[in-house]
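>>> Fold the stuff below for me.
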Amino acid sequence: MKILFFLGHPAHYHLHKHTIWELTRRGHKVSICIKTKDIIEDLLRETGLEYNNILPEGRRDRRASMLFGVFKRDWRLFKLLFYNKVDLLLGSEPSLAHIGKLLRIPSLIFVEDD
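Just a heads-up that it's a prediction; the model follows:
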């Protein structure tokens, strides 16, 4: 099974890291997407996990920038998933639900506050 995790914050890495390792150990193909946020890239580099940064420029905290960032993430995620067939989407990013619905890929959205 091909599974994509979207990690948008360092806390999401800590929430999902054991699941990622276990799924990989069991032979599943696991991909990781991130957006630039705090030290998430450092954590992934440190553990040797491969990832795609779909928002390397980060985002600004203005409302218009946040809204435009959603469209950028959706478009970049759409392109990635259109060319790389995935069976399941997991993470905390709302774009997973948007693009998952569009491409008919099941998505499970988690938040570390749950």
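
>>> buried stuff in the longest helix along the chain?
Taking DSSP state H as the criterion, the chain has its longest helix at helix 63-83. Counting neighbours by 16 or more other Cβ atoms under 10 Å, one finds that the buried residues in helix 63-83 are 69, 72-74, 76-77, 80-81. Backbone N, C-alpha and C define where each C-beta goes, glycine included.

>>> Also stretch 85-104?
Using 16+ other Cβ under 10 Å, the residues of stretch 85-104 that count as buried are 86, 88-93, 95-96, 98-100.

>>> Could you single out the nearest of those residues to residue 108?
Nearest to residue 108, judged by Cβ to Cβ, of the buried residues of stretch 85-104 is residue 90 at 4.9 Å.

>>> Tell me the helix or strand right after the helix or strand where that closest one lies.
Assigning secondary structure by DSSP states H and E places residue 90 in strand 88-91. Next helix or strand after strand 88-91 toward the C-terminus (DSSP H and E): helix 94-103.

>>> if you average pLDDT over that following helix, what comes out?
Looking at helix 94-103 alone, the average pLDDT works out to 92.

>>> Then stretch 24-34?
pLDDT averaged over stretch 24-34 gives 94.

>>> Could I have the CA atoms of that stretch written out in CSV?
Extracted C-alpha coordinates of stretch 24-34, given in CSV (Å, rounded to 0.1, in the frame of the first residue of the first chain):
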residue,chain,number,x,y,z
THR,A,24,7.7,1.0,6.5
ARG,A,25,8.9,-2.0,8.5
ARG,A,26,5.8,-3.9,7.3
GLY,A,27,6.6,-3.2,3.7
HIS,A,28,4.3,-0.3,2.9
LYS,A,29,5.6,2.5,0.7
VAL,A,30,5.5,5.6,2.9
SER,A,31,5.9,9.2,1.5
ILE,A,32,6.2,12.3,3.6
CYS,A,33,5.2,15.8,2.6
ILE,A,34,5.9,18.9,4.7
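
>>> buried ones in that stretch?
Within stretch 24-34, the residues that qualify as buried are 30-34, counting by 16+ other Cβ under 10 Å.

>>> Centre of the chain to it, how far?
12 Å (Cα atoms, centre = their mean, to the nearest Å).
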